[in-house]
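Trainee: got a sequence here, can you build the structure:
(2 chains)
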Amino acid sequence: MTAGRRLPAGVPFRQFVLKVHSRCDLACDHCYMYEAADRSWRSLPPVMNLEIAAAVGSRIAEHAESNRIGALRIVLHGGEPLLAGVEHLRGIIEALNSQLETMDRPPMVEFLIQSNGVRLDEKFCELFAAFSVRVGISLDGDEVANDRHRRYADGRSSFAKVIAATELLRRPDYRHLYAGVLCTVDIANDPHRVYSTLAAVEPPAVDLLLPHATWDVPPPRPDGVRRPSTLADPAYARWLQVIHRVWTANGRPFGIRLFDSIESTLRGGPPLTETMGMAPSDLLAIATDGSIEQVDSMRVAFDGAWSTGLNVLSDALDTAAENPLIDARRSGLRDLAKQCRTCPIVAHCGGGLIAHRYDSSLRDSSDPVAAFRNPSVYCADLYSLVRGLRGEARPAVGRQAQQLSVREDLLDQLASGFGDASAVSRLNEAEASVNRSVLSAVGPRLERLHPTGRHAWSLILELDDVAPDAVARAIAHPFFRVSALAALHRPAEVRAEVFTGYALAAAAFAGIDAELPVSAGVEYLYLPGICRITAPRGRAAVGAGKPRDTKQWMRTLSSAGAPDVLLEDMDAARDVYGGGRPAVRLSSAAVERWRGSFAAARRLIDDAYSEYSSGLATGLRALVPVKSAPRVIQSSATHRSAYGAFAIAHPSDDAAFALLLLHEFQHLKLGAVLDLFDLCDGADTRLHYAPWRPDKRPAGALLQGVYAHVAVVDFWRRRIETAGEPAETQFARWRAAAWSVLDTLEHAGTMTELGLRFIRGMRTTLGPWMDVPVSPVALDAAHRASAEHRGKFGS
Amino acid sequence: MEDNASQNVVASELEDCRDLPLTRIPVEPVLRRLQPEKSEDIETGVWVASNFGSAL
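Mentor: Numbering: from 1, shown residues only, chains lettered A, B, ... in the order given. I've put the predicted structure just below:
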């Protein structure tokens, strides 16, 4: 043997994985030992003999002595270590201890054994109790999950025996020996069932391992095809996030080292596993013949990747630190890929497990690390997982959620029937929050609509981390909530591609490349507020912020000094206005006609109704052209779930357009207020006469009507000078109608305190107008029209 | 959501979720308020001749 020496730099080895047996009694098809590229196990002795064990003990003692190590861990591993038998394992442990005990200051030694559990019995447990050997069991989840890979060579299930092993370890005599469970992830398994089974065996800790893969042999994706993860399809991250959520909801009854490690580094602490974080590896593996090896996972890279050319019979353990690949695991950023070195999450993922970075196309005979100087094949999964956990950590380390609120002076503005840009901005903010809540509710359910929905949700989550304003902008589209609520309440009526469109719209707003699958038969996709695109070959994409394969662009109603208002004639969700059937795609000439009318109506409002201008410019986002109905001279409608938009048939003239804009925008404002506050008892189903409708209405709808008519009254009031008696008649009729409805509501016993405040606010506006003199002719005409309406619809 | 702490505010039962992670938003309060749509969710302004006459 060569003499030990202090490591010139870096960290000494403190964890030693001893392959005490190189065969296994199971034939797990995901095993890196027997099913990977490396075949060297065939030439190894099946069992570590006692001479080798003593040499290992001596080398560990030498290493501990020269590096002044006070505590170390020895993991008895395999193959399956229990195949060595009780007595031989006893001999190995005694051989190791006998060497360590010769030291002047023996280190504290923690023994662990990692087993598949199928042979674990009381005799083994008594041995482990005698030497304080803690036992880890491999279990991939429920029976279906476990037997997907962990079977005997003849195909028999190992599940019952593994569960029996965990039961043995939970007996009072052996409970202290139970180290935990090691679970290899397979995204084909149901994460809820996997978690339930893991929790049921009451482990002190769980290790979740990503299945070994490289860029040469990527991991299987949800469709079964092997390919690297992408930000749009971080299936392993999504699977792990489900486990994380369930685990957290369950009170985290045991540690999960992967999550604990990420959360530790997110808090500025150390990584807790070699697979994550930047801490130099302190782990060394030793085969049954005494060979000093790379970590086992390297076997997935290429045949012989495990080899260091060193053996405990001839080489000190310190020497292993000079091996280029072992050194690469201990050199921090130096041997990571360039993009990893500059990645914002590298401190948390550490570039991923070194074996997962392997790409044979990068091999360089002069640089043994070159083929590993690459991001992990799980890069996008790790990125998504870390970003997701960082997001989830936010509330714990930062802010308390605030209640949505509106300043009293702004609320009083709105109650009076007006509301400037500041007040409407508050409503926009509140609606943004509500839409975000709706998104968080519908997102996890998109997969139920169609498997492609999962990809849309993943992209939205990813974009929300890096470009939250783009996601907010996308879901501010007036019909987002219509679609999302339909997906929640009537999923059969909604296609997942609606949300694929929202995800891609957000990507476009963010200027981020993205591509998502669409289900068979989907030819077109609508990116809300942007355009309609084609989806060739089952994919839809945006690149450099611009949709690919654009079919039709969204047109707008430009208005000077105000944000563009969409002329929404593409979103299928716009068909919510009852009788007002949406117009089909407008011709260019029709668009120009709408633009001219809208501009004229806006000018009229700016000139004659300026109190409404800034609020309207702040809150109106879209008009939905609808077809005129027979015998109807004007038609418009709002929908409670479509804040910012209303449907309208092309008005007869500019003044009518202005009136409808004012009228419908009242509904939008009040709808947003009602999203936040109860103004009346929603359970009160009594119906009341509505002077402006043929049907009776409940209190909430009546409140909507009177709120809109405050603006209608105001419109006619200011038209009297130019339009004369007909306008005066309208003014007289609707002010009386509005006032009487305020009386109805005030005395109905159904209004909340805030609702009564709104009624008082409307009275404050209407009150002075009630005293405006009106000609007897107009007053008489108003009375007759009102009486006629009440006669027809009042009983 | 308010930028003027000196002003009195009226608070909703809903939380401001704009800065909350999408996976950590309490959705029940919002979904409770946004019940499946009812007919009165649609406010129509269908103006027949008897309403407007020739006033415009």
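Trainee: need the nearest residue in space to the residue positioned nearest the centre of chain A, chain neighbours excluded.
Mentor: The centroid of chain A falls nearest to residue A:461 when counting by C-alpha atoms, centre = their mean (3.7 Å). Residue nearest to residue A:461 in three dimensions, not counting chain neighbours: residue B:22, with 5.9 Å by C-beta to C-beta, 6 or more residues apart in numbering or on different chains. Backbone N, C-alpha and C define where each C-beta goes, glycine included.
Trainee: dump the residue contacts of the one you found.
Mentor: Listed by C-beta atoms under 8 Å, 6 or more residues apart in numbering or on different chains, the contact partners of residue B:22 are A:391, A:436, A:439-440, A:443, A:460-461, A:464.
Trainee: mind doing that once more with 10 Å?
Mentor: For residue B:22, the contacting residues are A:388, A:391-392, A:436-437, A:439-441, A:443-444, A:457, A:460-461, A:464-465, A:468, A:471, by C-beta atoms under 10 Å, 6 or more residues apart in numbering or on different chains.
Trainee: narrow the residues you listed to those that are buried.
Mentor: A:388, A:391-392, A:436-437, A:439-441, A:443-444, A:457, A:460-461, A:464-465, A:468, A:471 (16 or more other C-beta atoms under 10 Å in any protein chain shown).
Trainee: what about those residues, which are in helices?
Mentor: Counting by DSSP state H, the part of these found in helices is A:388, A:391-392, A:436-437, A:439-441, A:457, A:460-461, A:464-465, A:468, A:471.
Trainee: in these, find the pair that's most separated.
Mentor: A:441 and A:465 (19.0 Å; C-beta to C-beta).
Trainee: helices and strands of the chain: which one has the lowest mean pLDDT?
Mentor: The chain I'm using is chain A. Among the helices and strands of chain A, helix A:379-397 carries the lowest confidence by mean pLDDT, DSSP states H and E, at a mean of 72.
Trainee: which element follows it toward the C-terminus?
Mentor: strand A:403-407 (DSSP states H and E).
Trainee: for that next one, packing partners?
Mentor: helix A:408-415, helix A:421-442, helix A:654-676, strand B:9-15 (3 or more C-beta pairs under 10 Å, 6 or more residues apart in numbering or on different chains; DSSP states H and E).
Trainee: 7 Å instead?
Mentor: helix A:421-442, strand B:9-15 (3 or more C-beta pairs under 7 Å, 6 or more residues apart in numbering or on different chains; DSSP states H and E).
Trainee: weakest of the ones you listed by average pLDDT?
Mentor: In terms of mean pLDDT, the lowest-scoring of the helices and strands packed on strand A:403-407 is strand B:9-15 (a mean of 87).
Trainee: and the contacts of that one?
Mentor: Here strand B:9-15 makes contact (C-beta atoms under 7 Å, 6 or more residues apart in numbering or on different chains) with A:401-408, A:411, A:433-434, A:676-677, A:754, B:2, B:26, B:29-30.
Trainee: now the residues you listed: which count as buried?
Mentor: For the contacts of strand B:9-15, a burial check counting by 16+ other C-beta under 10 Å picks out A:404-407, A:411, A:433-434, A:676-677, A:754, B:2, B:29-30.
Trainee: centre of the chain to stretch A:378-395, how far?
Mentor: 9 Å (C-alpha atoms, centre = their mean, to the nearest Å).
Trainee: list the buried ones in that stretch?
Mentor: For stretch A:378-395, by 16+ other C-beta under 10 Å, it's A:378-393.
Trainee: hmm, who's touching it?
Mentor: With contact meaning C-beta under 7 Å, 6+ apart, stretch A:378-395 is reached by A:210, A:219, A:229-231, A:234, A:236-237, A:240-241, A:244, A:259, A:262-263, A:266, A:345, A:348-349, A:352, A:356, A:376, A:461-462, A:465, B:20-21, B:23-24.
Trainee: before we move on, what about stretch A:190-206?
Mentor: Residues from elsewhere that reach stretch A:190-206 (C-beta under 7 Å, 6+ apart): A:139, A:141-142, A:145, A:163, A:166, A:170, A:178-181, A:183, A:239, A:242-243, A:246-247, A:250, A:253-257.
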